[in-house]
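Engineer: how would this look folded up:
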Amino acid sequence: MFNKSQPKRDDLKATTPPVLGGIAPLTMTVATFRAVSGLGNTKTWELIKTGKLETVHVGRRTLITHRSAERLLLPSPDNIQNSEAPRARHHRPRKNREAQS
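Structural biologist: So this is what the prediction gives:
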């Protein structure tokens, strides 16, 4: 029987992409992207359908380019929010006490 505390062999294969001659692969499978990013299957396919992840089709396989995965997941100046930006108020405004007197 398979021990649930140990990862399945397919999961291990998905998290360790092969490196040939010191050159990183240009694409990854959808399963590898999910394992690396921590995103689920539904979100991954949504990102593919909206064009936020570039894909290449080889036969029936859908491969995600590393370039698009890095662009989506790594922090960039465009993705970092300005901490000095004014924050929206989510509460009721205060009553003007001087007007009540």
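
Engineer: partners of residue 56 in the sheet?
Structural biologist: In this entry, residue 56 is beta-bridged to residue 63, by DSSP bridges.

Engineer: Pass me the low-pLDDT residue ranges in the chain, would you?
Structural biologist: Applying pLDDT under 70 to the chain flags the ranges 1-20, 78-90, 99-101.

Engineer: which residues of it fall in strands?
Structural biologist: 27-29, 55-58, 61-65 (DSSP state E).

Engineer: now those strands in JSON lines, with distance to residue 71?
Structural biologist: For the C-beta atoms, the positions are set from N, CA and C on the backbone; glycine is no exception. Converted to JSON lines, those look like this (distance: least, C-beta to C-beta, whole Å):
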{"stretch": "strand 27-29", "distance to residue 71": "14"}
{"stretch": "strand 55-58", "distance to residue 71": "14"}
{"stretch": "strand 61-65", "distance to residue 71": "9"}
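
Engineer: Could you dump those into JSON lines with distance to residue 77 and mean neighbour count added?
Structural biologist: Converted to JSON lines, the strands of the chain look like this (distance: least, C-beta to C-beta, whole Å; neighbours: other C-beta atoms under 10 Å):
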{"stretch": "strand 27-29", "distance to residue 77": "25", "mean neighbour count": "19"}
{"stretch": "strand 55-58", "distance to residue 77": "26", "mean neighbour count": "11"}
{"stretch": "strand 61-65", "distance to residue 77": "22", "mean neighbour count": "17"}
